[in-house]
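Novice: Compute the structure for the input listed below.
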Amino acid sequence: MPWARSFCPFRAYGTKLAKLGLVRNETENETEKIRNEVIMKQRRRKYIQLLTALLLLLIGQEARAQKTCVIASAENHVPIREALIHTNNNHWARTDYRGYWSMRYQFDSATVSKPGFIKATIRYRELPDTVFLLPESKQIGEVTVWGKNQESAGKMKGQASLEAAEAGRNAALGHTRLVGFSFNAS
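Specialist: Modelled structure (predicted):
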């Protein structure tokens, strides 16, 4: 009954008590509810911001821990596929067809190996974007070349021996003379 509210004899008395702070009226209750809702929304927003910041920090930590690198040949800069990377913490990785590898575990040093290349040890703190491996070299002691005209090779050998002996005698006497060799077959 809306008319009963307006004729209530205690309404004026309730208003006086409200002014004294002893009784709250409906508008004060609604204001309090709105204020509480605003505070809860602010707290919720700060909580979401904190969670977002922590999540980004953890993602950044994971990205920092994962290291990616390329293994390539030092001779021609071609990426090396299927090279093995073994860390000091006993974790393994293998390069893909592009020479890329990534290690999500922390390590201090790692050894890179591939048959046909010299092993390389790399340190995490000094790890570049690309690690170049040197190919293993094979050396042979002596090479003998055979050609069609063996007679002129013998003549050249004899001529070189004679000129070397003559240069040695001249040097002993104090005479200097430039000596040259000719590889002409004549």
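Novice: Of all the residues in the helix or strand harbouring Thr111, which ones are buried?
Specialist: When elements are assigned from DSSP states H and E, Thr111 belongs to strand 109-113. When burial is assessed from 16 or more other CB atoms under 10 Å, strand 109-113 yields the following buried residues: Ala110, Val112. (Each C-beta comes from the backbone N, C-alpha and C, glycine too.)
Novice: what's next to whatever helix or strand comes next after that strand, contact-wise?
Specialist: Using DSSP H and E, the helix or strand that follows strand 109-113 towards the C-terminus is strand 120-123. Strand 120-123 is touched from outside by Asp108, Ser109, Ala110, Thr111, Val112, Ser113, Val131, Leu133, Leu134, with contacts defined as CB atoms under 8 Å, 6 or more residues apart in numbering.
Novice: from those, which two are the most distant?
Specialist: Within those, two members stand farthest from each other by CB to CB: Asp108 and Leu134, at 22.9 Å.
Novice: count of neighbours near Tyr105?
Specialist: Neighbour count of Tyr105, defined by other CB atoms under 10 Å: 12.
Novice: hang on, it is in a strand, isn't it?
Specialist: No - assessed with DSSP: H, G, I helix; E, B strand; the rest coil, Tyr105 is coil; it does not lie in a strand.
Novice: from memory it sits against Asn89, does it?
Specialist: Yes - using CB atoms under 8 Å, Tyr105 is in contact with Asn89, at 6.2 Å.
Novice: any idea how far Ile59 lies from Met103?
Specialist: Counting by CB to CB, to the nearest Å, the gap from Ile59 to Met103 is 18 Å.
Novice: secondary structure class for Gln159?
Specialist: Going by three-state DSSP: Gln159 is helix.
Novice: ok, so what distance separates it from Glu166?
Specialist: Per CB to CB, Gln159 is found 11 Å from Glu166.
Novice: Okay, buried residues for the top helix by length along the chain please.
Specialist: Using DSSP state H, we find that the single longest helix of the chain is helix 26-65. Neighbour-count burial for helix 26-65 flags no residue at all (criterion: 16+ other CB under 10 Å).
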